[in-house]
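J.: Just need the structure, nothing else, for what follows:
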Amino acid sequence: MRLLPGLAVAAGGLLLAFAVHLALPVVPVLTLCVVIGVVLGQLPALRERLDGAWKPGFALAARRLLRIGIVLLGLKLGLGDIVDLGAPTLLAVVVVVVLTFFGTLLLGRLARLPGDEPLLLAAGFSICGVSAIGAMAAVTRSKPSEIAVPAALVTLCGSLAIVVLPLLHAPLGLTDLQFGAWAGASVHDVGQVVAVAQTAGASALALAVAIKLTRVLLLAPLVAGVGVYRRFSQIEVTDAASAPRPPIVPLFVLGFLAAMLVRTFLPVPEAALAAADFAQTILFGLALVALGSSIRVVSLVRTSGRSLLVGLASWVLVAALAWGAVVLTTA
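T.: From the prediction side, this is the model:
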């Protein structure tokens with residue numbers, strides 16, 4: 001029963017996000033969930049409930065439900081979708097992800113961002129936005145405050161991409177298919193990729209989604225790699241020899257891979273895939289309302305100016321690298 005108040009509030013925020021999305025389809029539901037959560041977190045009258053009665057339900061949404069959503073994300077991707085892209089495109093996607101990840105990580109370290117923020121920002125901007133941040137946070141066991149800022153920044157920059165990238169389509173001289181590839185290789189969230197790429201037509205949209213989901217596939221080895229590093233790092237071990245260590249490969253990552261294999265080798269009905277996609281949106285939406293509520297704008301403005309600069313720099317970095325990769329592979 002103690003979970004119900006927080007879950008009910010998160011569900012209310014999700015319903016409101018759907019309502020606004022129906023009125024303004026250009027704004028993704030998950031982006032609205034973050035905004036609604038942030039608004040809740042700024043209301044002084046709600047502060048006691050956020051830290052009290054609503055906290056258990058919000059904690060469940062921000063962690064357990066988010067991980068289940070990540071597992072369902074695997075049903076979006078089959079191995080055939082990856083093979084069809086061809087070796088040059090696949091190599092370009094891997095290079096863009098790796099350079100963006102380590103470039104953002106370096107920027108975060110140079111800016112002296114606190115805790116795991118550099119790592120979470122790197123995961124979110126290089127792979128798949130909030131989903132990657134949640135997956136990485138599960139391995140690093142990051143605090144909610146460390147998750148909230150990267151989630152807000154990756155949502156902000158992904159939303160900016162919906163407006164900015166279509167305006168650059170013609171000035172950059174990209175064909176429709178090149179623009180679709182650029183969107184898939186540079187925009188963070190799957191929904192945001194769809195919003196950007198659909199402006200160039202159905203073929204561009206299909207290519208963008210295939211490239212985007214290939215980036216999503218890299219989430220599993222990246223998270224597993226960080227898990228291995230954290231488990232055997234001497235820095236972690238010396239903190240406390242008796243402290244529980246993170247698993248080498250988190251269970252939800254294995255679930256993601258299993259879901260991808262199911263999509264590849266089993267005849268999953270379209271109705272089941274649509275239901276899983278809807279369920280994933282619901283789970284992510286509840287999680288983002290909860291995560292957004294932990295953001296305090298006053299504190300963010302005072303202490304996270306450097307985080308904002310790193311986020312914007314990473315957004316420009318991934319867009320530039322993806323544009324270069326598209327030009328080189330389609331020349």
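J.: From Gly78, how far out is Pro267?
T.: 11 Å (CB to CB, to the nearest Å). C-beta here means a position set from N, CA and C on the backbone, and glycine is covered the same way.
J.: neighbour-wise, which of these two wins?
T.: Neighbour count, other CB atoms under 10 Å: between Pro267 and Gly78, Gly78 has more, with 18 against 5.
J.: quick one, what contacts the more buried one?
T.: Going by CB atoms under 8 Å, 6 or more residues apart in numbering, Gly78 touches Met260, Arg263, Thr264.
J.: Quick check on these: which are buried?
T.: Met260, Arg263 (16 or more other CB atoms under 10 Å).
J.: Out of the contacts of Gly78, which one has the weakest pLDDT?
T.: Lowest pLDDT among the contacts of Gly78: Met260, with 81.
J.: Surely it is in contact with Leu75?
T.: Yes - under the criterion of CB atoms under 8 Å, Met260 makes contact with Leu75 at 7.4 Å.
J.: contacting residues around the residue nearest to the spatial centre of the chain?
T.: With distances taken as CA atoms, centre = their mean, the chain has Gly129 as the residue nearest its mean C-alpha position (2.1 Å). Gly129 makes contacts with Val154, Thr155, Gly158, His188, Asp189, Gln192, as judged by CB under 8 Å, 6+ apart.
J.: just to confirm, which helix or strand has the last one in it?
T.: Element membership for Gln192, per DSSP states H and E: helix 190-197.
J.: Contacts for the helix or strand following that helix, please.
T.: Once the chain leaves helix 190-197, the next helix or strand it forms, by DSSP H and E, is helix 202-217. Here helix 202-217 makes contact (CB under 8 Å, 6+ apart) with 73, 76-77, 81-82, 84-85, 89-90, 93, 97, 126-128, 131, 176-177, 179-181, 183-185, 187, 190, 193-194, 196-198, 260.
J.: What would helix 202-217 look like as CSV? C-alpha coordinates only.
T.: Listed next in CSV are the C-alpha coordinates belonging to helix 202-217 (Å, rounded to 0.1, in the frame of the first residue of the first chain):
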residue,chain,number,x,y,z
ALA,A,202,9.1,7.4,-45.1
SER,A,203,12.4,6.0,-46.5
ALA,A,204,14.5,8.4,-44.4
LEU,A,205,12.4,7.5,-41.4
ALA,A,206,12.9,3.7,-41.9
LEU,A,207,16.7,4.2,-42.3
ALA,A,208,16.8,6.5,-39.2
VAL,A,209,15.0,4.0,-37.0
ALA,A,210,17.3,1.1,-38.1
ILE,A,211,20.4,3.1,-37.4
LYS,A,212,19.0,4.3,-34.1
LEU,A,213,18.1,0.8,-32.9
THR,A,214,21.6,-0.4,-33.9
ARG,A,215,22.9,2.3,-31.4
VAL,A,216,20.5,0.9,-28.8
LEU,A,217,22.1,-2.6,-29.3
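J.: Can you point out the buried residues in that helix?
T.: In helix 202-217, counting by 16+ other CB under 10 Å, buried: 204-205, 207-217.
J.: Next: stretch 184-202.
T.: 184-200.
J.: Now do that stretch, average pLDDT.
T.: 78.
J.: which residues in the stretch 101-250 of the chain form helices?
T.: 117-123, 130-140, 144-168, 176-186, 190-197, 202-217, 219-232, 234-239 (DSSP state H, counting those that start in this stretch).
J.: worst average pLDDT in those helices?
T.: Minimum mean pLDDT among the helices of the stretch 101-250 of the chain: helix 234-239, a mean of 47.
J.: Could you check how far the helix or strand where Leu273 lies is from the centre of its chain?
T.: For Leu273, the host element (DSSP H and E) is helix 270-293. Distance, stretch centre to chain centre, for helix 270-293: 13 Å (CA atoms, centre = their mean, to the nearest Å).
J.: Buried ones in it, by neighbour count?
T.: 276, 280-293.
J.: and what of stretch 220-234?
T.: Ala220, Leu222, Val223, Ala224, Val226, Gly227, Arg230.
J.: how close does Ser186 get to Ala322?
T.: 4 Å.
J.: Can you check which residues contact both of those two?
T.: Val96.
J.: show me the contacts for Ala185.
T.: Ala92, Val93, Val96, Ile211, Lys212, Arg215, Val318, Ala322, Ala325, Val326.
J.: Between the buried residues of stretch 220-234, which sits nearest Leu120?
T.: Val226 (10.5 Å; CB to CB).
J.: Would you check how far apart the residue nearest to the closest one when sequence neighbours are not counted and Ile147 are?
T.: Excluding its sequence neighbours, the residue lying closest to Val226 (CB to CB, 6 or more residues apart in numbering) is Val139, at 5.5 Å. Using CB to CB, Val139 is found at 12 Å from Ile147.
J.: repeat for Ser314
T.: Counting by CB to CB - Ser314 and Ile147 are separated by 17 Å.
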